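J.: Based on what follows, work out the 3D shape:
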Amino acid sequence: MCITKKAIKKENVPKRKAVIKKESSQRSNDVDVAESKKDDTSVKGSKKSMKIKTPAPDAKAMKIVKPWVQRALDMGVPSLMDEFKTLSKWTPDGMTTEAFNANKDKNRYQDVPCQDKGRVVLKFGGYTGDYIHANYVSTPRDPKRFICAQGPLENTQHAFWAMAVQEKVETIIMLCNCIEKMKIKCHQYWPEEKDKKLSFGEAPNQIHITNLGAKKMSPDEQCINETSLKVEWADGTRTIRHLQWENWPDRGVPETNLTAINLLSYTRATKFSILVHCSAGIGRTGTIVAISYVMDKMMAGDDCMAMNELLKELRSQRPWSIQNEFQYLYLHRVLLAYFLERHKEMYGDLLKGENGAKYDKWMEEYKLATAQP
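T.: I've put the predicted structure just below:
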């Protein structure tokens, strides 16, 4: 769990040998925010006894999946890593960052820019300014399916919740812990204890957040905490589902391969933009969004063979999404597990003959490449 203010005051830890570094400064649609107070949109979780169901690929998707799987097996881990490295510093042509440059105190890392194109522009009453480090990211299903954001700083919590209200967010996916390896990665922006309340902003435009209770997302996914948060503001109230994945290491990959699929499936019915963040909002955030992005393209029957071009498409919306080759490999690992393990009745034939040995070799190389130090 995230360390709360009881353990850290004003982003500082009481004296100890290992000192936590302060939050570093180094490194979507225009919605009417006035909602009726009667409109209490509550997001319900699945029953504990039920397993999360993921949609099976249809015939249209199968024509795309089979050559994609073959490509991944034929290339192998080393070639996929090399493919990513050729794009590791790719940024969109003509990218501008005027808002980012004008709001340095609101940026967690000064070397992770927020591009002007597609940035979320705040129009929430009572909030001064319109900037937050966040961009819309589309999928074939929805032009503003995701909002990719940095983890809130202490001075951007109000902006974060103003964005959630403005964009009618139903689900927040958090892919980090507040403290990782003795470094602050995200401010504790929600009350951690049940029935506790936090308030942001000034009256009469305050936003109040109350913890209604927490549980595990599902019996199979004990690494994801689901907290129901009641959000209240001058013009309305809403219940937002907060899903925190606790064991995905920064710049690394999680040990589980189907958790990402289960998480995305769990949020599939969400009607409005899904707000996703980690610390910088590009590595883990970009990876989980990329998994959804590629899967949705496959389901739509779109060609996904040129993965390097798909990465460019994603980065044209949220620059620097997917930070390193290990996260790029994880994207492939998750999709291979989804097709070859979860839906082996459809794709089992792909592992006949030499492909079975290729998959075994791929897995061995993946484990070696992504092993934690």
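J.: Please work out how many residues are found near the closest residue to Lys230 other than its chain neighbours.
T.: Closest residue in space to Lys230, ignoring its immediate chain neighbours: Thr210 at 4.3 Å, by C-beta to C-beta, 6 or more residues apart in numbering. Heads up, the C-betas are built off the backbone N, CA and C, glycines and all. Look at Thr210: counted by other C-beta atoms under 10 Å, it has 19 neighbours.
J.: What distance do you get for Thr210 to Gly126?
T.: According to C-beta to C-beta, to the nearest Å, Thr210 stands 19 Å off from Gly126.
J.: before we move on, back to that, wait, the residue nearest to Lys230 touches Lys196, no?
T.: Yes. With contact defined as C-beta atoms under 8 Å, Thr210 reaches Lys196; the gap is 7.2 Å.
J.: overlap in contacts of those two?
T.: When C-beta atoms under 8 Å, 6 or more residues apart in numbering defines a contact, no residue borders Thr210 and Lys196 alike.
J.: who's the residue nearest to Lys230 bridged to?
T.: On the basis of DSSP bridges, Thr210 takes part in beta bridges with Lys197, Lys230.
J.: okay, it: pLDDT?
T.: Per-residue pLDDT puts Thr210 at 98.
J.: where are the low-confidence patches of the chain?
T.: The chain contains residues with pLDDT under 70 at 1-59.
J.: Helices of the protein, residue ranges please.
T.: 59-85, 98-102, 157-166, 259-266, 284-299, 307-315, 325-337, 344-347, 354-370 (DSSP state H).
J.: Let's have the ones you listed in JSON lines, adding mean neighbour count and distance to Val276.
T.: Below are the helices of the chain laid out as JSON lines (neighbours: other C-beta atoms under 10 Å; distance: least, C-beta to C-beta, whole Å):
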{"stretch": "helix 59-85", "mean neighbour count": "16", "distance to Val276": "21"}
{"stretch": "helix 98-102", "mean neighbour count": "14", "distance to Val276": "19"}
{"stretch": "helix 157-166", "mean neighbour count": "24", "distance to Val276": "12"}
{"stretch": "helix 259-266", "mean neighbour count": "22", "distance to Val276": "10"}
{"stretch": "helix 284-299", "mean neighbour count": "24", "distance to Val276": "5"}
{"stretch": "helix 307-315", "mean neighbour count": "18", "distance to Val276": "13"}
{"stretch": "helix 325-337", "mean neighbour count": "22", "distance to Val276": "14"}
{"stretch": "helix 344-347", "mean neighbour count": "14", "distance to Val276": "28"}
{"stretch": "helix 354-370", "mean neighbour count": "15", "distance to Val276": "22"}
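J.: Among these, which comes closest to Gln244?
T.: For the helices of the chain, the distance to Gln244 is smallest for helix 259-266, at 10.6 Å, taking C-beta to C-beta.
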